[in-house]
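>>> how would this look folded up:
(2 chains)
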Amino acid sequence: MTDPTKDPMNRRDFLGRAARAGALALGAGAAGFLLRDSKGPAAVEAVPRVTLPDFSIASEGSKLSIVTGSDRVKTVRRAVQALGGIETFIKPGDRVLLKVNAAFASAPSLSATAHPDLVAEVTRLCFGAGASSVVVTDNPINDPQSCFALSGIAKAAEKAGARVILPRPEYFKPTTLDGGVLIRDWPLLFEPFEGVTKLIGIAPVKDHHRSGASMSMKNWYGLLGGRRNVFHQDIHTIIYELAKLVRPTLVILDGTTTMLTNGPTGGSLDDLKVTNTMIAGTDQVAVDAFGATLLGKTAADLTFITKAAEGGLGTVDYEALHPARDHVT
Amino acid sequence: MNIILTRRIAQVFFFVLFLWFCVVTTVGDRWFQLRGWPVNWFLQLDPLVALGTVLTTKTLYAGLAWALATIALTVFVGRFFCGWLCPFGALHQFVGWLGKRRRRHAERVALNQYHPAQVVKYYVLAALLTLALFGSLQTGWLDPIPLMQRTVNLFLLTGVEGIGAANRVYAGVWVAAAIFVIAVLLNLWIPRFYCRFICPLGALFRLLVRWTPWRIGKRQGECSGCELCENHCEGACDPFNRIRIRECLLCMNCLRACRKTLMTYGPNRSAAGEEERTGVTRRGFIVTAVSGIAAVPAFRLSGLLGENWNSGVVRPPGSLSEKEFLKRCIKCGQCMRVCPTNVIQPAGLEAGIEGWWTPVMNFRAGSSGCQLNCIACGNVCPTAAIRPFSLDEKLGRGEFASRGPIRMGTAFVDRNRCLPWAMDVPCIVCQENCPVSPKAIYIEEEYRVIRNGRVVIKAVSDTAIEIESVGWKPDQLATGDYFLRIESDPDDERRQIVGNTADSIRVAAGNAWAEPPAEGDYAVVEVRLQRPLVDVQRCIGCGICQHECPVSGLRAIRVTAENESRTPSHSLTVRSVN
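This next block holds a predicted model:
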């Protein structure tokens, strides 16, 4: 075959070149047509939203148990037992997420975070009831790695068989609360909830200057991402909206030691008081209403509790639930 | 096993070891984390780090004594560090090989010829050591080990998933990265360009090898002149002719290349003669040294070490006073790598030209401020620019109780930007996040009448008043932070607002008035504000408040270096802090 580049007049070569040029022009035109956008971009890009499922068990209704004692392992066991046992809440094969409060990089003795013994025991209880997996997560305020390490939560949870998930930017997906005024297209720590069927909140009882107290409902703040601190402008509403957004299977409020001052960071043993109380319940409003008493407050002092009760999320009158009370040594 | 293979294994081993030490420089106690790994070992083996700090401080700090081993071995056997151990050298050799592998024999020989400009590295060394002698340690700009350490840790590893350095940010990292990338790419032009022309550490080694008992040389003066030795020579040391013994970096390639095995490594000098001169001229040396001497006062004309100090330069806890700090920091970036929150960042020019790439706190970068219970930076610093401090010392406990905690600076509330101060909006995120106990940020409570908040009462019921509409949205005032006060109320009581419409305001049922206000009375709507103030006696300058401040651009509370422990003259208070 002759080399077409050497031959100035060659019909086949010309037609071949013309066909290729035509294909190229056509391809460019087709690509342009397919990608054509006559409107230009919108002011704010719409991102697909996610919603958290309702993890509560309707048939269990509102329950509360209050167990006194200094050993968290024993008190939480007893408290859950008093609610009907862990089997009431966790069924074989359930995938459980424990939302702990791991907000600060401080030692367990300072009670600024969920106690590792408690997290480990709840993990063991879940596995004991046949849970197929337990995930422990939080989006802390301080450096996440340091928080989970120094609080002792990571080590304790992993030893008990749970998987600890530290937040990463891609784990957050926007969510909107129906009827909410603050939680609108706001990033939520959603990825760890993938496949999860039960949710348990674990939080200590702490002083909190802006809202009055940090307990079970405030604990959900740790599921928010973005520059969530702006919500402190309307702290009671955000806590109320979080309690509306997150419907847990169970919450456990640890009042073994209560942080009375300098909260929510604490930082000194002087900020703590031994109150030897473990509260478990399905009604987070009632749980927090009782928790307030450990701080020397009443539910009426805490606007977010009033708002949550008025919003139908639970009852302030925890005595009406006839809480199971016990003491373990 | 032949000598070339042995050398390659050593290079790969030390290169991988170097990378491994970079990977494990992550706070934690697992086997792939910091625990006991000697992550500073390469920096400590580097005699330029040792010599530089000896010149500036007249002391040899702790682990830097490892450099003595390097020096001892070098004076006996030659530049093994360059040819066998240096991870930067290994990288250059590899990239240089990529660049020349397609080239023909004559081209390669030409590439490996000694070039008179190879003298430049001696002047680089002379300038850096003169600077050090006069108190400014700048070796880290070009010393290959700190250069490689910061580039791998703060540039290359940030892109690797699954390790502690992943997804971090380092302000201005591109400058350091550019130096690295250019140095590496130059190998495509001339192999081991950096080693031959620039490396001040290599220059130092060249000064040490004059009397080495063992060296490379020719067995006999005359040979066939095939120049295969020069084809493969890494050091451009001219083994074929009078070998430039200082340029030889012991790659040993000539031993294998020579078909007649005329090249040896042994006790004899080369039969073809040796060239011992460095090429440094007296004039060149004097010009360089004088420039070095003049540069220190020239750098410091900016006055940053004196009255014109930059309070925006907040150093990590345990940092020495600025002058002493600049005598020790080698810009290796170990503190920036180990910091669990990524708050330690490389300085641009805010700390002066001398302070380029030294560690500063940037409270907007990273995952938090300086963590209260962390002492990683001081304990990793190879030169004690950041002293090794204990947790007791950082927190001012135990034997340090009388001195108080280490303060990096002080937080200042910018009342023109702070939401409660400037805009009557409740917030106090800073107060909540202050990790000190008792908190260094405290609050002052104040009730402020909101905009258009003074209204005339049109009608009254048990728990509500009706007013002329001022455009409030329904329940806008029901957040718990707003209160209603009737001006004519003799008790001047504030009632929490629990609901409102555009033209009515409601208070709680339990809060009904004893004496209902009259129509035509004035009512005021007030917001309860908690306004943050900083207790200078307690603030440690950790910057967590600044990091968390919801004013996300220029923060409304910012830490500057006033009152930092390391500089007594920057104290803010006349009384001692404790």
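
>>> and residue A:98, that's in a helix?
No - using DSSP: H, G, I helix; E, B strand; the rest coil, the assignment for residue A:98 is strand, not a helix.

>>> go ahead and confirm it touches residue A:124.
No - in this structure, residue A:98 is not within contact of residue A:124 by C-beta atoms under 8 Å, at 11.6 Å. Using the backbone N, CA and C atoms, a C-beta is placed for each residue, glycine as well.

>>> looking at the two, which is more packed in?
When residue A:98 and residue A:124 are compared for neighbours, residue A:98 comes out ahead with 26 against 18, by other C-beta atoms under 10 Å in any protein chain shown.

>>> quick check: residues of chain A near chain B?
A:104-107, A:141-146, A:149-150, A:168-169, A:208-210, A:227, A:229-230, A:232-237, A:261-268, A:270-271, A:303-304, A:307 (C-beta under 8 Å from any C-beta of the partner chain).

>>> from these, list the buried ones, please.
A:104-106, A:141-146, A:149-150, A:208-210, A:229-230, A:232-237, A:261-267, A:271, A:303-304, A:307 (16 or more other C-beta atoms under 10 Å in any protein chain shown).

>>> where does residue B:450 land in three-state SS?
Assignment for residue B:450 (three-state DSSP): strand.

>>> what about it, how many neighbours?
Each residue near residue B:450 was counted by other C-beta under 10 Å, and the total is 16.

>>> so where is chain B shaky, pLDDT-wise?
The model of chain B has pLDDT under 70 over residues B:1, B:575-578.

>>> tell me the domain boundaries of it?
Domain ranges of chain B: B:3-275, B:306-440+B:535-578, B:445-531, per automatic domain parsing.

>>> of these, which is nearest residue A:64?
Closest approach to residue A:64 among the domains of chain B is made by domain B:445-531 (24.6 Å; C-beta to C-beta).

>>> right, and residue B:533 touches residue B:440 too?
No - applying C-beta under 8 Å, one finds residue B:533 not in contact with residue B:440, separated by 9.6 Å.

>>> the more surrounded of the two?
residue B:440 (24 against 14).

>>> how much space between that one and residue B:566?
In this view, residue B:440 and residue B:566 are 18 Å apart by C-beta to C-beta, to the nearest Å.

>>> just residue A:153 next, same as before
34 Å.

>>> one more: residue B:549?
To residue B:566, residue B:549 is 25 Å away according to C-beta to C-beta.

>>> who has more neighbours, the two?
residue B:549 (29 against 20).

>>> any idea how far that one is from chain A?
Distance, residue B:549 to chain A, by C-beta to the nearest C-beta, to the nearest Å: 7 Å.

>>> contacting residues around the closest residue to that residue other than its chain neighbours?
In this structure, residue B:549 finds its nearest non-sequential neighbour in residue B:555, 4.2 Å apart by C-beta to C-beta, 6 or more residues apart in numbering or on different chains. Residues in contact with residue B:555 (C-beta atoms under 8 Å, 6 or more residues apart in numbering or on different chains) are B:363-364, B:414, B:417, B:546, B:549.

>>> out of the residues you listed, which end up buried?
Buried residues within the contacts of residue B:555, defined by neighbour count using 16+ other C-beta under 10 Å: B:363-364, B:417, B:546, B:549.

>>> pick the one among these closest to chain A.
residue B:549 (7.4 Å; C-beta to the nearest C-beta).

>>> touching, the closest one and residue B:543? I think so.
No - at 10.0 Å, residue B:549 does not count as touching residue B:543 under the criterion of C-beta under 8 Å.

>>> can you give me the strands in the chain?
No chain was given, so I picked chain A. Using DSSP state E, the strands found in chain A span residues A:64-68, A:95-100, A:133-137, A:163-165, A:172-175, A:186-189, A:198-208, A:212-214, A:250-259, A:272-281, A:324-327.

>>> chain B is the one I meant
For chain B, applying DSSP E gives strands covering B:215-218, B:243-244, B:263-266, B:274-275, B:344-346, B:359-361, B:410-413, B:441-460, B:464-467, B:482-486, B:495-501, B:504-507, B:522-534, B:557-560.

>>> return the most buried member of the ones you listed.
strand B:359-361 (a mean of 27; mean count of other C-beta atoms under 10 Å in any protein chain shown).

>>> so is that one next to chain A?
No - using C-beta under 8 Å from any C-beta, strand B:359-361 stays clear of chain A, with a minimum separation of 13.9 Å.

>>> centre of the chain to that strand, how far?
On the basis of C-alpha atoms, centre = their mean, to the nearest Å, strand B:359-361 sits 6 Å off its chain's mean C-alpha point.

>>> residues contacting the nearest residue to residue B:560 once chain neighbours are set aside?
Setting aside the residues directly before and after it, residue B:560 is nearest to residue B:311 in space (C-beta to C-beta, 6+ apart), at 4.1 Å. Taking C-beta under 8 Å, 6+ apart, we find residue B:311 in contact with B:409, B:560-562, B:570.

>>> just put the residues you listed in JSON lines and tack on distance to residue A:7.
Listed next are the contacts of residue B:311 as JSON lines, based on distance: C-beta to C-beta, whole Å:
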{"residue": "B:409", "distance to residue A:7": "80"}
{"residue": "B:560", "distance to residue A:7": "79"}
{"residue": "B:561", "distance to residue A:7": "79"}
{"residue": "B:562", "distance to residue A:7": "84"}
{"residue": "B:570", "distance to residue A:7": "85"}
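
>>> hmm, back to that, okay, the strands of chain A in CSV with mean pLDDT next?
Output for the strands of chain A, formatted as CSV (pLDDT from 0 to 100):
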stretch, mean pLDDT
strand A:64-68, 96
strand A:95-100, 97
strand A:133-137, 97
strand A:163-165, 96
strand A:172-175, 94
strand A:186-189, 96
strand A:198-208, 96
strand A:212-214, 95
strand A:250-259, 96
strand A:272-281, 96
strand A:324-327, 94
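
>>> distance of residue B:495 relative to residue A:140?
As defined by C-beta to C-beta, residue B:495 lies at a distance of 38 Å from residue A:140.

>>> on that earlier part again, by neighbours, which of the contacts of residue B:311 wins?
residue B:409 (27 neighbours).

>>> quick check, that one in contact with residue B:565.
No - contact between residue B:409 and residue B:565 fails when scored by C-beta under 8 Å: they sit 9.4 Å apart.

>>> could you list which of the buried ones among the contacts of residue B:555 belong to helices?
Counting by DSSP state H, the part of these found in helices is residue B:546.
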